[in-house]
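**Q** Any chance you could fold what I've pasted below:
(2 chains)
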Number of protein chains: 2
Amino acid sequence: MNILPPGSTIGILGGGQLGRMLALAAAQLGFDVCVFTDEPDSPASRVAARTFVGSYLDSAALGDFARHVQVVTSEFENVPAHTADALIAAGVRVCPNPRALAVAQDRFDEKSFFNAHGIATPRFAAVASQGDLDTACVEIGAPAILKTRRLGYDGHGQIRIHGVGDAAGTYEKLGAPGILEGFCPFEREISIIAARGADGAIAFYDLCENEHSGGILSRTILPARVGAAVVVHAQQAARLVLEAFDYIGVLTIEFFVMRDGSIIANEMAPRVHNSGHWSIEGALTSQFEQHVRAIAGWPLGPTTRTADIEMVNLIGDDAHSWSELAADPNARLHLYGKRDARAGRKMGHVTRLKRA
Amino acid sequence: MNILPPGSTIGILGGGQLGRMLALAAAQLGFDVCVFTDEPDSPASRVAARTFVGSYLDSAALGDFARHVQVVTSEFENVPAHTADALIAAGVRVCPNPRALAVAQDRFDEKSFFNAHGIATPRFAAVASQGDLDTACVEIGAPAILKTRRLGYDGHGQIRIHGVGDAAGTYEKLGAPGILEGFCPFEREISIIAARGADGAIAFYDLCENEHSGGILSRTILPARVGAAVVVHAQQAARLVLEAFDYIGVLTIEFFVMRDGSIIANEMAPRVHNSGHWSIEGALTSQFEQHVRAIAGWPLGPTTRTADIEMVNLIGDDAHSWSELAADPNARLHLYGKRDARAGRKMGHVTRLKRA
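**A** The predicted model follows:
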């Protein structure tokens, strides 16, 4: 794989906050950034050298984009397969491997992939009809969660099934092919942010302990309150996934930690992740710089954590507290430049560090 | 003064690396950035939401720029007086105070200003003719340095006078109104980065110890190897200057430290400064974020230093070592996106931190 020198242009699919923070990290290393997004006036485009606004299905627009960049990455996993195909056809490298994007887009394929690589998941079954759902409810038992196989995020497209009696008519409500997942009575939720370089080197960040609210990540702390075996198992799982996909870039896997200390994979994100935002101030190399390094063919940077961390998301109206946060000497404030503070929308985050 | 909420647009005069790093810091706080520069394809413009390319003397272009921003700042001190006047006439706030820019543009006015505020400088005299120079050489003695009053930077426009006999014909070589400065046999060079908020609050960063090579800053280390009295005197001087100008933003003063521990002001920069680049990783609030906070009317952030620092500039061909630097786990690499590595051009910098 060729190594991109500074001055090369990195293409980013998607214009949200992850793209914005990737663009800021790329700029620090001397790269130009070109964003492709279907949204005019996006947060990422306002810090990029150039933006193409178009449909992810428009091969001509994608081809034009491809001619202006030396590598393409994505800030979201739901990139249509057609998009990656069109970019590759136009002769540009796409990182990470589009196979990883494809698997991560489908909850059934994702969990099947985990199991095929010896990584435990909740019990699950594909549900393509009410009949499937009824059968799955009996097999998996309640409580369980019915999710769309594709395009769910932050708790959208999920229906909780409290008892087997709840299932009647539920498939119709979901309105799309689904997956029923057994509920895991977990003790805590963690994630691992890992990176693999073009040379095959792998680096892990310290485990993140995550709290969700309404299906949306609300708070991440480090160190995660888990034992050494959990770290080993999470790293093993991440390594298996990175190597299975010949993955280049940053990858995230979320796990449930059970009372017995075992871990169960919930989902993976083939990208930088909200639970890794602390790394901007709290690690020697941020997850964003790490991803840029990997896809540019540069050596990975050190992931050493330099403090204890609390990262809190600013969701919707939370962002209106910006002036108090700006006055808090312990708060490192990040705002994403989104125009409206809609409910459930990630507007920014705050990182608090406590140095040893 | 009004407080700018996130989503406001900050105008930056100048498209170089200081503008680029200011723009990155502004983006982190949720601001949009609009750059005005006379240089197409500038480093700052490639991370800004919008760029106006035009002459700093074009009132119409400046007026157009002014209508798109809520405050204007500058990444260089040699902003023509006309530029600030045109912006203010167009109704936009200019930070810092254009009086500070004006004084900093003229080495004679600058040193006169220092002296008027009780801040020691080298001996100096205005030189507008060869006759002036001959007289000044006798008064000040040799060695001395003849500098242009205006528009010099990084050692440009400077002629060293080793003995009084050297002076013959030298004024003509300078080719512009000058200032003769007595040579200071200093022990070391330091700078202080200070900030003043719109509320009058003042914050100081730890003193920087600087090494120059060929008139260009090559290396900064912290802590500076100076005693507590030097810190007190440097902070006193910075406070006097900040308050004299009702200054809002980051200001830098460079000093010579003499063998007896006294300090002598060399020059001031009414802006973020190369010797403060370490603050990106090494302080809780970077000088760039601090400047953005100040001009936006936000409270200043904490300036606490978190490590011992070495910052090395990458000048000209130094930037070709990017791949070795990228592989050095102790080097935090910053590249500015400049297209050609011309001799004497600041291409990037590297910060190394040693935590206690």
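**Q** Kindly export stretch A:328-335 (C-alpha atoms) in CSV.
**A** The C-alpha trace of stretch A:328-335 is given here as CSV (Å, rounded to 0.1, in the frame of the first residue of the first chain):
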residue,chain,number,x,y,z
ASP,A,328,-15.8,25.5,34.0
PRO,A,329,-12.0,25.2,34.1
ASN,A,330,-12.3,21.4,34.3
ALA,A,331,-14.4,21.1,31.2
ARG,A,332,-12.9,20.7,27.7
LEU,A,333,-15.7,21.8,25.5
HIS,A,334,-16.4,20.5,22.0
LEU,A,335,-19.3,21.8,19.9
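**Q** list the buried ones in it?
**A** A:331-335 (16 or more other Cβ atoms under 10 Å in any protein chain shown). The way it works is simple: take the backbone N, C-alpha and C, and place the C-beta from them, glycine included.
**Q** The one helix or strand A:His349 maps to pairs with which strands, parallel or anti?
**A** Per DSSP states H and E, A:His349 falls inside strand A:346-354. Strands adjacent to strand A:346-354 in the sheet, as given by DSSP bridges, are strand A:308-315 (antiparallel), strand A:332-335 (antiparallel).
**Q** Reformat the ones you listed as TSV; add mean pLDDT.
**A** As requested, the strands paired with strand A:346-354 are exported to TSV (pLDDT from 0 to 100):
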stretch	mean pLDDT
strand A:308-315	98
strand A:332-335	98
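**Q** ok, now how distant is the closest residue to chain B within the stretch 201-350 of chain A from A:Leu314?
**A** Nearest to chain B, among the residues of the stretch 201-350 of chain A, is A:Leu335, at 2.7 Å (Cβ to the nearest Cβ). Distance, A:Leu335 to A:Leu314, using Cβ to Cβ, to the nearest Å: 7 Å.
**Q** and for those two, which residues touch both?
**A** A:322, A:347-348 (Cβ atoms under 8 Å, 6 or more residues apart in numbering or on different chains).
**Q** which intervals of the stretch 1-150 of chain A have sub-threshold pLDDT?
**A** Along the stretch 1-150 of chain A, the model assigns pLDDT under 70 to residues A:1.
**Q** just the helices in it please.
**A** Taking DSSP state H, counting those that start in this stretch as the test, the helices found in the stretch 1-150 of chain A are A:17-28, A:59-67, A:81-89, A:98-104, A:107-116, A:130-140.
**Q** Now mean neighbour count and distance to chain B too, for those, in TSV please.
**A** Below are the helices of the stretch 1-150 of chain A laid out as TSV (neighbours: other Cβ atoms under 10 Å in any protein chain shown; distance: least, Cβ to the nearest Cβ, whole Å):
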stretch	mean neighbour count	distance to chain B
helix A:17-28	28	5
helix A:59-67	18	17
helix A:81-89	17	22
helix A:98-104	21	25
helix A:107-116	19	32
helix A:130-140	17	44
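**Q** Any chance of those in a markdown table with distance to B:Ala120 as columns?
**A** Converted to a markdown table, these look like this (distance: least, Cβ to Cβ, whole Å):
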| stretch | distance to B:Ala120 |
| --- | --- |
| helix A:17-28 | 38 |
| helix A:59-67 | 58 |
| helix A:81-89 | 62 |
| helix A:98-104 | 64 |
| helix A:107-116 | 69 |
| helix A:130-140 | 80 |
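**Q** between those, which gets nearest to A:Ser262?
**A** Closest of the helices of the stretch 1-150 of chain A to A:Ser262 is helix A:107-116, at 13.9 Å (criterion: Cβ to Cβ).
**Q** so what secondary structure elements neighbour that closest one?
**A** Helices and strands touching helix A:107-116, by 3 or more Cβ pairs under 8 Å, 6 or more residues apart in numbering or on different chains; DSSP states H and E, are helix A:98-104, strand A:124-127, strand A:178-182, helix A:228-244, strand A:263-269.
**Q** What residues does A:Ile280 make contact with?
**A** Contacts of A:Ile280 (Cβ under 8 Å, 6+ apart): A:21, A:286, A:288, A:332, A:334, A:351.
**Q** JSON lines for those residues, including distance to A:Leu57?
**A** As requested, the contacts of A:Ile280 are arranged in JSON lines below (distance: Cβ to Cβ, whole Å):
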{"residue": "A:Met21", "distance to A:Leu57": "26"}
{"residue": "A:Ser286", "distance to A:Leu57": "32"}
{"residue": "A:Phe288", "distance to A:Leu57": "28"}
{"residue": "A:Arg332", "distance to A:Leu57": "39"}
{"residue": "A:His334", "distance to A:Leu57": "32"}
{"residue": "A:Thr351", "distance to A:Leu57": "37"}
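**Q** Of the residues you listed, which is the nearest to B:Phe31?
**A** Nearest to B:Phe31 among the contacts of A:Ile280 is A:His334, at 11.9 Å by Cβ to Cβ.
**Q** If the closest one is in a bridge, with which residues?
**A** A:His349.
**Q** what's near enough to touch it?
**A** Counted by Cβ under 8 Å, 6+ apart, A:His334 has contacts A:21, A:277, A:280, A:348-351, B:28-30.
**Q** Relative to B:Glu189, how far out is it?
**A** To B:Glu189, A:His334 is 35 Å away according to Cβ to Cβ.
**Q** Can I take it that A:Phe255 is in a helix?
**A** No. Under DSSP: H, G, I helix; E, B strand; the rest coil, A:Phe255 sits outside any helix and is assigned strand.
**Q** what pLDDT does it get?
**A** At A:Phe255, the model reports a pLDDT of 98.
**Q** Report the contact partners of the closest residue to A:Ala44 other than its chain neighbours.
**A** Spatial nearest neighbour of A:Ala44, chain neighbours left out: A:Gly19 (3.3 Å); criterion: Cβ to Cβ, 6 or more residues apart in numbering or on different chains. The neighbourhood of A:Gly19, defined by Cβ under 8 Å, 6+ apart, consists of A:12-13, A:35, A:37, A:42-44, A:75.
**Q** What's the separation between A:Gly19 and A:His349?
**A** Applying Cβ to Cβ to A:Gly19 and A:His349 gives a distance of 15 Å.
**Q** likewise A:Gln235?
**A** Between A:Gln235 and A:His349 the computed distance is 25 Å (Cβ to Cβ).
**Q** quick one: which of the two has more around it?
**A** The neighbour comparison of A:Gln235 against A:His349 (other Cβ atoms under 10 Å in any protein chain shown) goes to A:His349, with 26 against 15.
**Q** wait, the more buried one sits on A:Ser275?
**A** No. A:His349 is beyond contact range of A:Ser275, at 10.4 Å (criterion: Cβ atoms under 8 Å).
**Q** Now for those two: what residues contact both?
**A** Common neighbours of A:His349 and A:Ser275 (Cβ under 8 Å, 6+ apart) are A:Met311.
**Q** Verify the stated contact: A:Ala204 with A:Ala238.
**A** No, residue A:204 isn't Ala; it's Phe. Yes. Applying Cβ under 8 Å, one finds A:Phe204 in contact with A:Ala238, separated by 6.6 Å.
**Q** The two: which has the busier surroundings?
**A** A:Ala238 (27 against 15).
**Q** Next, A:Ala120: phi, psi?
**A** With angles defined as degrees, to the nearest 10, A:Ala120 sits at phi -70, psi 150.
**Q** can you count the residues close to it?
**A** 16.
**Q** Repeat that for A:Gln290.
**A** Close neighbours of A:Gln290, defined as other Cβ under 10 Å, add up to 29.
**Q** next one: A:Asn2
**A** Using other Cβ under 10 Å, A:Asn2 has 11 neighbouring residues.
**Q** Identify the residues contacting it.
**A** A:Gly297.
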